[in-house]
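1. following is a predicted model, sequence given first.
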Amino acid sequence: MRVPAVIAALSLAFATPGLAQTAPPAAPDSATRQQNLDLAGQYLELTQGSNLSKVVSQQLERSYGRSEMPADQQAWLAENMALAFDDVLGATLRDMRDDVADRFTREELQAAIAFYETPVGQSVARKDLELNMMMQEAMMPHLVRAMAALSEKFCLRFECPGSGSAAIKQF
């Protein structure tokens with residue numbers, strides 16, 4: 001499918017100049033690196049972890065509740081999708097530890113953790129996740145329209161197999 005490749009290429013095109021201007025920091029020793037990874041894991045759990053699981057579970061229940069499926073199927077799907085999501089989230093958080101440890105300084109992680117451990121910080125983290133989910137839902141129709149327009153422009157500029165909506169679907 002060409003759409004992910006185009007999006008990835010655009011992302012790289014915009015990200016590369018900024019990254020080229022930043023000198024990489026010196027590599028920390030292994031003990032320091034492990035401490036940074038531990039802090040990163042703690043940060044991710046506080047800002048994403050169980051809060052994200054709860055938000056997604058609630059969204060799944062609402063989504064399936066609006067469907068025309070029988071109640072037992074709705075319940076089964078909501079429960080099993082939530083379990084599958086928890087597995088995916090755990091793997092994703094483990095994968096992201098390095099990125100978080102590389103992006104934030106130890107002081108930044110410690111300050112963020114201190115904040116997110118407070119009741120206000122937990123409330124902010126939960127609301128931030130809820131807003132991110134709402135933003136994704138709000139963005140989807142705009143993204144679909146933008147991608148359709150982009151694919152039409154692409155097919156006008158370059159030769160696409162088929163014509164009309166068939167070319168757009170393949171894009």
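-> Perfect, thanks for sending it.

2. so which residues of the protein form strands?
-> With strands called from DSSP state E, the chain shows none.

3. looking at it, which helix is longest?
-> Longest helix in the chain by number of residues (criterion: DSSP state H): helix 119-157.

4. buried stuff in that one?
-> By 16 or more other CB atoms under 10 Å, the buried positions in helix 119-157 come out as Gly121, Gln122, Ala125, Arg126, Leu129, Glu130, Leu150, Ser151, Glu152, Phe154, Cys155. Yep, even glycine has a C-beta here, placed from its N, CA and C like the rest.

5. and that helix, what does it pack against?
-> Applying 3 or more CB pairs under 8 Å, 6 or more residues apart in numbering; DSSP states H and E, one finds that helix 119-157 contacts helix 2-20, helix 30-47, helix 49-65, helix 106-116, helix 165-170.

6. tell me how far Leu93 lies from Asp102.
-> Per CB to CB, to the nearest Å, Leu93 is found 15 Å from Asp102.

7. er, Glu79 I mean
-> Counting by CB to CB, the gap from Glu79 to Asp102 is 36 Å.

8. for Arg157, same thing?
-> Taken as CB to CB, the span from Arg157 to Asp102 is 38 Å.

9. ok, now Ala114?
-> Ala114 is 21 Å from Asp102, where distance means CB to CB.

10. what about the nearest residue to Gln74 once chain neighbours are set aside, how many residues nearby?
-> Closest residue to Gln74 apart from its sequence neighbours, by CB to CB, 6 or more residues apart in numbering: Tyr64 at 4.1 Å. Tyr64: 18 surrounding residues under other CB atoms under 10 Å.

11. surely Tyr64 meets Asp72?
-> No. Between Tyr64 and Asp72 there is no contact under CB atoms under 8 Å: 11.1 Å.

12. so Leu46 sits against Glu117, correct?
-> Yes. Between Leu46 and Glu117 there is a contact at 6.6 Å, judged by CB under 8 Å.
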